[in-house]
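>>> Any chance you could fold what I've pasted below:
(3 chains)
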Amino acid sequence: MKNTLFKLGAVAAASFAFATPAFAQEAAADAVGGGTAYILNTLLFLIGGFLVMWMAAGFAMLEAGLVRTKNVSTQCLKNIGLYSIAGLMFWVIGYNIAYPGFAEDSLGLFGMNGTVYSMQGVGDADLDTGYSVASDWFFQMVFCATTASIVSGTLAERIKIVPFFIFVTVLTAVIYPVVVSWEWGGGYLDSVWGFSDFAGSTLVHSTGGWAALVGAIILGPRLGRYAADGRVNVFPGSNIPLATLGTFILWLGWFGFNGASQLAMGTVGDVSDVSKIFVNTNMAACAGVVVAIIATQLRYGKADVTMALNGALAGLVAITAEPLAPTVGQSIVIGGIGGILPVVVVPLLDKLKIDDVVGAIPVHLCAGIFGTLVVAWAGDATFVGQLVGVLLTMVWVSVASGILWFILKATVGLRPSEEVELAGLDLAEIGVEAYPGLANQA
Amino acid sequence: MKNTLFKLGAVAAASFAFATPAFAQEAAADAVGGGTAYILNTLLFLIGGFLVMWMAAGFAMLEAGLVRTKNVSTQCLKNIGLYSIAGLMFWVIGYNIAYPGFAEDSLGLFGMNGTVYSMQGVGDADLDTGYSVASDWFFQMVFCATTASIVSGTLAERIKIVPFFIFVTVLTAVIYPVVVSWEWGGGYLDSVWGFSDFAGSTLVHSTGGWAALVGAIILGPRLGRYAADGRVNVFPGSNIPLATLGTFILWLGWFGFNGASQLAMGTVGDVSDVSKIFVNTNMAACAGVVVAIIATQLRYGKADVTMALNGALAGLVAITAEPLAPTVGQSIVIGGIGGILPVVVVPLLDKLKIDDVVGAIPVHLCAGIFGTLVVAWAGDATFVGQLVGVLLTMVWVSVASGILWFILKATVGLRPSEEVELAGLDLAEIGVEAYPGLANQA
Amino acid sequence: MKNTLFKLGAVAAASFAFATPAFAQEAAADAVGGGTAYILNTLLFLIGGFLVMWMAAGFAMLEAGLVRTKNVSTQCLKNIGLYSIAGLMFWVIGYNIAYPGFAEDSLGLFGMNGTVYSMQGVGDADLDTGYSVASDWFFQMVFCATTASIVSGTLAERIKIVPFFIFVTVLTAVIYPVVVSWEWGGGYLDSVWGFSDFAGSTLVHSTGGWAALVGAIILGPRLGRYAADGRVNVFPGSNIPLATLGTFILWLGWFGFNGASQLAMGTVGDVSDVSKIFVNTNMAACAGVVVAIIATQLRYGKADVTMALNGALAGLVAITAEPLAPTVGQSIVIGGIGGILPVVVVPLLDKLKIDDVVGAIPVHLCAGIFGTLVVAWAGDATFVGQLVGVLLTMVWVSVASGILWFILKATVGLRPSEEVELAGLDLAEIGVEAYPGLANQA
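Numbers count the residues shown, from 1 in each chain, chains lettered A, B, ... in the order given. Predicted coordinates:
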């Protein structure tokens, strides 16, 4: 449970006890004063928050690098737009749904804490909570934005800007916050099933993944992607160093994503846990890269760089459900298995004619499910409890997203005209080419 | 007043009082020991400092992305060069002018603390100041560099490297520090007018903006920009993802820019304020993006990506004068109004034939003025006091810059020959093309 | 000596003493409780660690920007791959070799702490050490990766992926850790010669530089680089803004590289030292840039942007051996001399037909040696002691690397076929072009 209020309330209380002049020398050394703990906990949220905010740039660069030249400007706009919408919607209503303060006898499926625009306590400094409410809100908000980033990658190059932004609005205002409330908000999955998702393999990555998968099916593939004879046309990414940069940004941001999900560093134990999370997170990504390189080298005779990048990300997603409990060795195994998922799943999706432009479905959905289930091995959870969490998220996000995609398709329409799509969305939707000074080949 | 010495001296003193064994439990929880407060205050400067230093990369990428291919290398050199010059000059003399320690009966218009090269106290650890002098110096230095970055964008593609670097030298050594001394240095605007500029909407952004505006007028527009028949030729930016990356970098850096301008996080109240600043800063930028997207979509039928980027930046500049006092809702309003300024002002400047290559004037000057004045609504300042600050800055920076630009024009000359400008500055000034492996279209 | 265990053990002990209720007010203000010091020390490692991890992206962008278009994807893969291999190997065995806990009567040339896979204490929180072992491990690991990054730049465009990755494996598992053990591990150079290398001018940068130099000699230059008539063919970098971005990333990361090498910020003195390191590091880089710009302007009549970038990096490498002791003025001198090294050494290497694609040898090896020796002037070390450290590192790394390069040449082979090299490694080795949507000129 990522319920900071609950967890840190207890921490702060403990710190108060130690803060009396009569403390024993050892206790004094181990505990820190309530004020200092409050500051350090808040600082963790702020550092973690700006690192995860930075992931928005990572997704933007990754996706801008993996789409074709004619759709790059559109992808840039979508990414800065979705982050902005997520910020606003998570303030308007999202946070209130995500952390509703469920009553004890509630089933914990839906609740709301206050009304719209009524986010309480931002700016207040209440020592009892153990951290600044504003810092916590900021940290939670950037997770919400991450969920939306996942969708934009899969659906790139063929969805109009307006329906995409409307989808993001609902996703970040309602669909994602409801999933969060079940677990980090102390709701159904947490209280009934003991579901465990430390930093969001399911809550963030699978949620984004399901929304993307359903969208990809309803939207259909890019024109010309799948030939009538079953052949798959490769549409290579337009800028590999940009995609590499995006991956490094995401990797960096993940130290905040997983590390700051410890939610506290006001005690020796907490900051040590954050440190271990850094190591495990890093090693899972390392393993994902190495496995993806070896796998593509063995299978295709070439070490595919985009697979290496996706290997890093899949390793990171896989370790996200439980980055603290595993040993370093276990983290390497988890990340390594994660890293092989894109190599296996990408061809599979193509066989199903599901067109996932950047590989977000294997990376975020498949590795997210795997990472969630593997907690039963390397963490403190039951396989059944984890499975219930995966399935409930699948049902809710797929159904809610599906309905929304169909409504958008029937109203504003999802796809541009064939002419626009072939010419690239940049010209018709944005009016700004990505690289106008450089002659385009195709 | 951003006078850390004054503010933190008081904080540290307060902490000492609490640090005795006789403190009450509650006070102990709220305050932290003087040593710990010193460390945390210093840490805020260091984190804020490296985030703002990173903004130099943001400006470099933004500008490299928005100029034409043939001037990209020059823009890169100018940006890394101006940061370096700013660092050196702020050490040689700038800091001593910015924080002169005005005498009480002084008018507070100009002073100097020591002589050149005499920066005191770097490396000393004096508990009475409440923070490390070196950390404060570093934090102040990166603000100085930001001011210079603003100028390079407006004047891109048509100013030679040597006069540009000479201008930067004087700007960072004298022109900017004088403005800072009036407010953060406790001078005229602070002591007489109660002027309020938390993190530098006027001191940093408008200062850069005025210098850029005067430079653009004296320098004249790029060749071919304004046709004889009044038509404006669009010179599209050469690399949109790079400009997007630059904007994300600036957004990230702004958490340091505004957040660390709280100047302290050694108390529960301070770190809570920093947290609220993070939220307000983020939301102003979100609002700026969304408003710019909607405005361009409604006005032109296309959601212009460069306007969205400038909308984010204008929202950030607007909230910079007072990121703490406003509610989240007010921050959204302030950022949203900021976001519409580029959409309105860019065509206006073109009508006046003022050629602002990257839109720095609407973003930094116009949003900076707006943000400063709006403190009278959402902060603790009078409209008249704010207006005086805006006008005094205008007069000083415009006159000083204007004189300097004219001297440079009359001596080393400002513009390259027409042949060089048409061929691009990269060949003649740098000798290194930006993308030599890729065929240039024009 | 960068032996955190030794240094922080003492710090923590001191803190315990102060933490009793009977402390004097002044002592209380200066010291912080053992728990708080532990947290702050650990936090320094975590922040420093993610900043140095980010340098991996900096090297990737710098190198991707400086190689030709046809080898960019390969360079991206090499960089994300080498970071991942370094992470795994430093866990498998590297750390145990680097910090062996030499016995007092040992010569301190080689030792091992435990067996492979036996990294102790990650995840433990032991107050006596004064910091989290995991945080220290993470911080040390990213330094190991930096060493490997240096090699990839020099040898770009003409070495196959497989032998490169094998070399990195041995470099990060054994060659680099042995050098570290001599100094930071408390071995021969530290105990016998009083060698001083604060953050790794020799241990990291020269080690990478020697490995790169020997590799460049054995590998030979790129095809067509040196004409039969002695003329040097310029192969311009393909993407200057990317190289600029990489340099800014490295500069940012260096605040972690040097600053966090203080290894502690749990006292007022330590955090003040970290602050001074930030300033000195920044100023050395500023000076490097300005000197490189002026030097190229005077020598060639053009201010070469890649020289300015390398000037920044050389200034940073030069100050790395001792970023704390020098005054700001001394730091500027050291960085400025560093900045002129690439301007002087690059033509020299070309005369020797040693083909260093990105200029890593002048930047990391030459500036690293200079920075190490200059500690005798601006720090606390003897010239002879420093020279012994430089020479011992040269002998070990050159011999070990040389043997390894020869074995690789004789077995898997180092270079691709001439056809592959001329067509670019991206097609044959990776199968993914870097910019497929943009027409290539050559």
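
>>> Which residues of the stretch 151-300 of chain A lie near chain C?
Listed as neighbours of chain C in the stretch 151-300 of chain A under the rule C-beta under 8 Å from any C-beta of the partner chain: A:236-241, A:244-245, A:247-249, A:251-252, A:255, A:259, A:265-269, A:271-276, A:278-279, A:282-283, A:285-290, A:293, A:297, A:300. In short, each C-beta sits where N, CA and C put it, glycine included.

>>> roughly how far apart are the residue of the stretch 51-200 of chain A found nearest chain C and residue C:184?
Chain C sits closest to residue A:69 of the stretch 51-200 of chain A, with a gap of 3.2 Å, by C-beta to the nearest C-beta. Computed as C-beta to C-beta, to the nearest Å, the residue A:69 to residue C:184 distance reads 47 Å.

>>> ok, back up a step: where's the closest residue to the residue of the stretch 51-200 of chain A closest to chain C other than its chain neighbours relative to chain B, distance?
Residue nearest to residue A:69 in three dimensions, not counting chain neighbours: residue C:437, with 3.2 Å by C-beta to C-beta, 6 or more residues apart in numbering or on different chains. Separation of residue C:437 from chain B (C-beta to the nearest C-beta, to the nearest Å): 10 Å.

>>> Between residue A:69 and residue C:184, point out the one with more neighbours.
It is residue C:184, of residue A:69 and residue C:184, that has more neighbours when counted by other C-beta atoms under 10 Å in any protein chain shown, with 25 against 22.

>>> got any ranges where the stretch 151-300 of chain A has weak pLDDT?
Of all residues in the stretch 151-300 of chain A, none has pLDDT under 70.

>>> and it, which residues reach chain B?
Residues of the stretch 151-300 of chain A lying near chain B (C-beta under 8 Å from any C-beta): A:161-162, A:165, A:239, A:242, A:245.

>>> can you give me the end-to-end distance of stretch A:320-331?
By C-alpha to C-alpha, to the nearest Å, the extent of stretch A:320-331 from end to end equals 10 Å.

>>> Please see if it touches chain C.
Yes. Stretch A:320-331 reaches chain C (C-beta under 8 Å from any C-beta) through A:327-329.

>>> which residues in the stretch 51-200 of chain A form helices?
Counting by DSSP state H, counting those that start in this stretch, the stretch 51-200 of chain A has helices at residues A:72-89, A:95-98, A:133-154, A:161-170, A:176-183, A:188-193.

>>> With respect to residue A:105, which of these lies nearest?
Closest approach to residue A:105 among those (C-beta to C-beta): helix A:188-193, 10.5 Å.

>>> quick revisit: with mean neighbour count and distance to residue A:396 as extra columns, can I get the helices of the stretch 51-200 of chain A in TSV?
Below are the helices of the stretch 51-200 of chain A laid out as TSV (neighbours: other C-beta atoms under 10 Å in any protein chain shown; distance: least, C-beta to C-beta, whole Å):
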stretch	mean neighbour count	distance to residue A:396
helix A:72-89	29	18
helix A:95-98	24	13
helix A:133-154	27	13
helix A:161-170	20	13
helix A:176-183	27	7
helix A:188-193	20	11
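
>>> Could you export those helices as TSV, including distance to residue B:310?
Shown next, in TSV, are these (distance: least, C-beta to C-beta, whole Å):
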stretch	distance to residue B:310
helix A:72-89	11
helix A:95-98	28
helix A:133-154	20
helix A:161-170	18
helix A:176-183	29
helix A:188-193	42
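
>>> Which one, of the ones you listed, ends up nearest to residue B:351?
helix A:72-89 (26.0 Å).

>>> which strands and helices sit next to the closest one?
Secondary-structure packing of helix A:72-89 (3 or more C-beta pairs under 8 Å, 6 or more residues apart in numbering or on different chains; DSSP states H and E): helix A:34-66, helix A:133-154, helix A:161-170, helix B:240-259, helix B:268-300, helix B:305-320.

>>> Please identify the most buried of those.
helix B:305-320 (a mean of 32; mean count of other C-beta atoms under 10 Å in any protein chain shown).

>>> and that one, how far out from the chain's middle?
Offset of helix B:305-320 from its chain centre (C-alpha atoms, centre = their mean, to the nearest Å): 13 Å.

>>> What mean pLDDT does that helix get?
The pLDDT scores in helix B:305-320 average 98.

>>> Which SSE is immediately downstream of it?
helix B:328-351 (DSSP states H and E).

>>> right, is that following helix up against chain A?
Yes. Part of helix B:328-351 sits near chain A under the criterion C-beta under 8 Å from any C-beta, namely B:328-329, B:332.

>>> Can you add neighbour count and pLDDT and give those back as TSV?
Listed next are those as TSV, based on neighbours: other C-beta atoms under 10 Å in any protein chain shown; pLDDT from 0 to 100:
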residue	neighbour count	pLDDT
B:328	21	93
B:329	13	94
B:332	26	97
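
>>> ok, back up a step: ok, which of the helices of the stretch 51-200 of chain A comes nearest residue B:385?
Nearest of those (C-beta to C-beta): helix A:133-154, 28.0 Å.

>>> Counting by contacts, list what that closest one packs against.
Counting by 3+ C-beta pairs under 8 Å, 6+ apart, helix A:133-154 packs on helix A:34-66, helix A:72-89, helix A:95-98, helix A:161-170, helix A:176-183, helix A:207-219, helix A:360, helix B:268-300.

>>> could you give the angle of that helix to helix A:176-183?
120 degrees (axes from the mean of the first three to the mean of the last three C-alpha atoms, to 10 degrees).

>>> Centre of the chain to helix A:133-154, how far?
7 Å.

>>> cool, and stretch A:342-354?
The answer for stretch A:342-354 is 21 Å, by C-alpha atoms, centre = their mean.

>>> how about it as PDB, C-alpha atoms only?
C-alpha atoms of stretch A:342-354 as PDB (Å, rounded to 0.1, in the frame of the first residue of the first chain):
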ATOM      1  CA  PRO A 342       9.900  -7.700 -26.200                       C
ATOM      2  CA  VAL A 343      12.000 -10.000 -28.300                       C
ATOM      3  CA  VAL A 344       9.300 -12.700 -28.000                       C
ATOM      4  CA  VAL A 345       6.100 -10.600 -28.000                       C
ATOM      5  CA  VAL A 346       6.800  -8.100 -30.800                       C
ATOM      6  CA  PRO A 347       6.600 -10.700 -33.500                       C
ATOM      7  CA  LEU A 348       3.500 -12.200 -31.800                       C
ATOM      8  CA  LEU A 349       1.700  -8.900 -31.900                       C
ATOM      9  CA  ASP A 350       2.500  -8.500 -35.600                       C
ATOM     10  CA  LYS A 351       1.100 -11.900 -36.300                       C
ATOM     11  CA  LEU A 352      -2.100 -10.700 -34.700                       C
ATOM     12  CA  LYS A 353      -1.900  -7.500 -36.700                       C
ATOM     13  CA  ILE A 354      -1.900  -5.400 -33.600                       C
END
